[in-house]
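> what's the 3D shape of this:
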Amino acid sequence: DGLTGNCPAMIRACEKNDFQMVSHFLCFGFKYSDLTSSRSDLSQLRASFRIDDSVFKPCVKNTELQYKNRYKLRNFFQFPLSTGNCLEESKDLLYHYKSFHAVSKPAYLIAQSKHVNRKLDLSENNPTPYDPISEAFHNLHISRVQSFRSVEYKNKFKVVKNESEEFIVKMLNCCENSDDARLILLHDFKLDHYFSNSLIRDMVYPRLEIAVAEKHEEFVGHDYCQQILRDHWLESDATGNKVQWQTSNVYDKILYCLSCVLLMPLHIMAYHFTMLCGGYGKYKQRNSTNNKDPGENNANCFSSFAKQIWLHLSYPINRFIAHTLSYIFFLIFLVLVSENPEDEEDKLDPDWYDIAAVVMAMGFFVSELGEFIKRYKGKNFSFWNIFDIACYLILLVSNLAKTIGYWMECKTDAESDSIFGCTLDLPHKYGENSVVVVSYSLFGVGLTLTFSKLLYFCQISHKIGPIAISIKRVVKDVILVAISFFIFLQAFGFGIFYLMKNVHDDDVDEDCKHQLHDTTEVFKTLFWNLFDPASIEDFGCSKIKDLAPRYLAMFLFAMFLIFNFLILMNALIAIMNSTLNAVNMNKVQQWKFERTSIWLRYLDSGFVLPCPFNLIEVVVKMVKAVFRKCRSPEDTSHLAEKSETKRYMQLVEELSKRYLLREEDSDTNDITREDIENHKQEIINFQKRFLT
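Residues are numbered from 1 along each chain as shown. Model (predicted):
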């Protein structure tokens with residue numbers, strides 16, 4: 001097409017969500033030769049209507065051209081907020097928002113899908129159809145990003161966010177069965193906007209990953225999504241068999257978990273052989289090509305037991321149990337490190353649990369770092385992912401600093417020939433600011449954070465999960481109010497210190513002297529008044545001659561208490577009540593969302609082994625990736641992808657028809673009291689005519 005541009009009439013049609021009118025606009029077009037023949041250069045051009053939304057959704061080619069040199073060294077020294085990177089002209093965001101809001105309407109998404117896909121040939125290589133659901137998720141992502149960039153227009157982008165979420169859920173409601181819903185979860189044509197290409201292949205349900213990243217709780221908590229997830233959670237990746245977890249009682253579940261604990265070494269050893277043979281995916285392909293029932297080989301008790309050991313970690317629920325057990329062992333090792341029961345006095349001797357704790361911390365850190373890289377491209381970071389990275393990094397840094405500190409300090413010990421023969425094995429034997437003391441302090445912080453991670457596993461339970469979610473939300477409120485508290489602390493602290501340093505108490509008794517001689521004492525007194533009653537004795541007694549600065553400092557202290565106890569504390573209580581009420585109003589849906597985010601990590605069979613054995617799995621995958629690049633095998637999966645894409649687009653077309661029919665019924669069949677009265681009057685008139 002040639003000349004195109006925004007059309008106010010088309011934008012109004014989109015705002016009214018009129019599908020028929022938007023379809024006419026998209027299909028309408030004319031050649032310039034029909035209007036004039038004076039310009040030969042315009043004779044082949046065709047005018048059509050479209051809405052320009054490139055401000056919020058830039059073209060991919062333009063973005064690649066803009067950042068084609070992004071790997072050069074000089075780009076790392078360019079600061080985006082420097083004066084040389086200013087815009088040549090200002091952008092009217094309200095004007096562009098109007099266009100963006102128009103193209104995010106369901107009428108436009110469905111009409112554009114029918115208009116574009118009608119000319120698309122799916123038999124071509126790498127076809128890119130127009131998917132209204134993918135576009136709706138992309139609009140949801142853009143709304144979230146723009147809400148942070150342009151806070152003053154947050155309410156406007158929230159409208160687009162709510163409409164996009166509602167449209168996605170309605171399209172999912174139009175599915176007839178769980179097979180249609182599963183097809184929706186498996187496809188998304190804008191997945192590379194959220195995740196890196198190297199991680200997309202390992203995703204089981206890509207669209208569900210996007211919904212979790214964009215915090216679409218209603219979509220994630222939908223009955224279809226939860227049913228599909230639960231079936232996959234209890235299903236083997238290799239055989240398709242399911243664990244009868246739902247129908248088992250509590251005692252059977254406890255016995256099952258105990259058996260997982262006792263047989264965990266055998267499960268890990270068995271998977272090492274499976275990993276070298278290509279993983280559970282290869283096993284599943286062999287079963288599908290041989291067309292054999294997986295239960296046919298259960299000839300006796302021994303072979304059945306061996307097969308259960310071999311395929312134990314192919315179940316996502318078993319992988320979760322294994323990872324949870326490894327984390328419990330990690331906590332036990334940390335407790336042993338803190339207690340150090342096998343320590344020999346006056347000798348620096350690293351024990352086995354010291355090494356085990358470091359190795360397990362490294363394994364957990366690598367696992368969480370992979371999750372962070374997975375979310376980095378779309379900037380869809382998770383709270384627990386950032387929390388875990390900080391926690392394990394503190395533990396690793398503390399152990400590294402402890403090793404360096406002992407190595408540096410033991411050089412000065414004349415009684416030792418090496419670091420292991422050092423007699424200075426306790427931190428109090430070093431200076432106050434030594435590296436060893438700092439490392440022990442960091443380990444204490446990391447130990448506290450590691451035990452706090454148990455709240456993460458509590459979210460899997462429908463009873464404790466909402467409580468853990470409420471605690472996480474309330475902590476955010478406490479942090480926000482704490483910022484205001486520290487502002488008041490600094491303001492009143494420096495003011496009181498400046499007044500009290502001019503109060504001379506040399507000519508009075510020790511009991512009458514004030515305690516606020518430096519800033520440390522002032523801030524300590526003000527801070528701990530949060531938990532202790534106000535102590536006015538720290539300002540001295542009335543025998544001090546400098547009355548004016550002393551009384552003024554006491555007045556500032558009283559104002560500090562009023563601001564904190566009467567205003568900030570009550571404000572915090574009100575905010576916490578509001579947060580808890582919001583969680584309780586929709587606690588089941590929010591619990592489903594948090595549980596799904598946990599489930600998705602274990603549905604991915606990319607990393608099966610628990611920590612620290614996942615380090616071996618990482619090394620094996622790196623070696624396989626190198627051989628795969630050197631060998632460069634022919635990819636034959638595109639044929640299956642084409643057929644799946646065709647099935648999916650046929651389903652989207654059918655869902656669009658159902659959606660339009662339901663919307664038409666909901667608009668035209670709204671029964672009012674006036675309709676009832678008119679219908680009643682028509683029945684009465686008909687009876688009169690019939691009787692007469």
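> and the residue nearest to residue 466 when sequence neighbours are not counted, how many neighbours?
Nearest non-adjacent residue to residue 466, counting by CB to CB, 6 or more residues apart in numbering: residue 587, 4.2 Å away. Bear in mind the C-beta positions are built from the backbone N, C-alpha and C, glycine included. As a burial measure, residue 587 scores 17 neighbours (other CB atoms under 10 Å).
> Give me the distance between the residue nearest in space to the middle of the chain and residue 496.
What sits nearest the mean C-alpha location of the chain, by CA atoms, centre = their mean, is residue 382, with 3.3 Å. To residue 496, residue 382 is 42 Å away according to CB to CB, to the nearest Å.
> Same check on residue 616?
The value you get for residue 616 to residue 496, if CB to CB is used, is 59 Å.
> same thing with residue 7?
Separation of residue 7 from residue 496 (CB to CB): 66 Å.
> In terms of neighbours, single out the busier of these two.
residue 496 (26 against 16).
> Remind me what the helix or strand encompassing that one packs against, helices and strands.
Per DSSP states H and E, residue 496 falls inside helix 465-500. Judged by 3 or more CB pairs under 8 Å, 6 or more residues apart in numbering; DSSP states H and E, the packing partners of helix 465-500 are helix 454-458, helix 519-528, helix 547-561, helix 569-585, helix 587-603.
> Can you tell me which of those is packed in deepest?
helix 587-603 (a mean of 19; mean count of other CB atoms under 10 Å).
> neighbouring contacts of that helix?
Helix 587-603 has contacts (CB atoms under 8 Å, 6 or more residues apart in numbering) with 204-205, 208-209, 212, 215, 217-218, 220-221, 225-226, 229, 232-233, 316-317, 319-320, 323, 371, 382, 456, 459-460, 462, 465-466, 468-469, 583.
> I'd like to know which of those are part of helices.
For these, the ones inside helices are 208-209, 212, 217-218, 220, 225-226, 229, 232-233, 316-317, 319-320, 323, 371, 456, 465-466, 468-469, 583, with DSSP state H as the criterion.
> ChimeraX command for the buried members of the residues you listed?
Selection of buried members from these for ChimeraX, criterion 16 or more other CB atoms under 10 Å:
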select :208,209,212,217,218,220,225,226,229,232,233,316,317,319,320,323,371,456,465,466,468,469,583
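> show me what contacts the residue nearest to residue 106 when sequence neighbours are not counted?
Excluding the flanking residues, the one nearest residue 106 by CB to CB, 6+ apart is residue 167, at 4.5 Å. Residues counted as contacts of residue 167 (CB under 8 Å, 6+ apart) are 106, 109, 132, 136.
> Report the contact partners of the last one.
With contact set as CB under 8 Å, 6+ apart, residue 136 has these partners: 104, 106, 109, 164, 167, 168, 171.
> Turn the buried ones among those into a named ChimeraX selection, would you?
Remark: buried members of these, expressed as a ChimeraX selection using 16+ other CB under 10 Å:
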select :104,106,109,164,167,168,171
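> mind giving me JSON lines with the contacts of residue 136 and columns for distance to residue 567, secondary structure and pLDDT?
Supplementary listing: these in JSON lines, determined by distance: CB to CB, whole Å; DSSP: H, G, I helix; E, B strand; the rest coil; pLDDT from 0 to 100:
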{"residue": "104", "distance to residue 567": "41", "secondary structure": "coil", "pLDDT": "91"}
{"residue": "106", "distance to residue 567": "46", "secondary structure": "helix", "pLDDT": "92"}
{"residue": "109", "distance to residue 567": "48", "secondary structure": "helix", "pLDDT": "92"}
{"residue": "164", "distance to residue 567": "39", "secondary structure": "helix", "pLDDT": "93"}
{"residue": "167", "distance to residue 567": "43", "secondary structure": "helix", "pLDDT": "94"}
{"residue": "168", "distance to residue 567": "42", "secondary structure": "helix", "pLDDT": "94"}
{"residue": "171", "distance to residue 567": "47", "secondary structure": "helix", "pLDDT": "93"}
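> Show the low-confidence segments of the stretch 451-600 of the chain, by residue range.
The stretch 451-600 of the chain contains residues with pLDDT under 70 at 506, 533-534.
> All the strands of the chain, residue numbers only.
4-5, 29-31, 46-49 (DSSP state E).
> I'd like to know which of those strands has the weakest mean confidence.
Of all the strands of the chain, strand 4-5 carries the lowest average pLDDT, namely a mean of 52.
> and the gap between residue 242 and residue 310?
17 Å.
> distance between stretch 573-590 and the chain's centre?
20 Å (CA atoms, centre = their mean, to the nearest Å).
> what's the answer for stretch 183-199, then?
For stretch 183-199, the distance to the chain centre is 15 Å (CA atoms, centre = their mean).
> May I see the buried residues of that stretch?
Applying 16+ other CB under 10 Å to stretch 183-199 flags 183-191, 193-195, 199 as buried.
> sorry, back to before: would you mind checking which of the contacts of residue 167 is nearest to residue 474?
residue 136 (32.3 Å; CB to CB).
> which one is the closest one nearest to, not counting chain neighbours?
residue 164 (4.6 Å).
> residues contacting that neighbour?
With contact taken as CB under 8 Å, 6+ apart, residue 164 is in contact with 104, 136, 137, 139, 140, 143.
> My guess is residue 526 contacts residue 493. True?
Yes: if you go by CB atoms under 8 Å, residue 526 and residue 493 touch, sitting 5.5 Å apart.
> so which pair among the contacts of residue 136 is furthest apart in space?
104 and 171 (14.1 Å).
> what separates residue 220 from residue 323, distance-wise?
From residue 220 to residue 323 the distance is 21 Å (CB to CB).
> Residue 13 too?
52 Å.
> Over to residue 575?
From residue 575 to residue 323 the distance is 35 Å (CB to CB).
> Columns distance to residue 662 on top of the contacts of residue 167, output as a markdown table?
Output for the contacts of residue 167, formatted as a markdown table (distance: CB to CB, whole Å):
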| residue | distance to residue 662 |
| --- | --- |
| 106 | 11 |
| 109 | 15 |
| 132 | 15 |
| 136 | 16 |
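> Out of these, which comes closest to residue 20?
Nearest to residue 20 out of the contacts of residue 167 is residue 106 (CB to CB; 13.2 Å).
> Hmm, the closest one is touching residue 135, no?
No: at 10.2 Å, residue 106 does not count as touching residue 135 under the criterion of CB under 8 Å.
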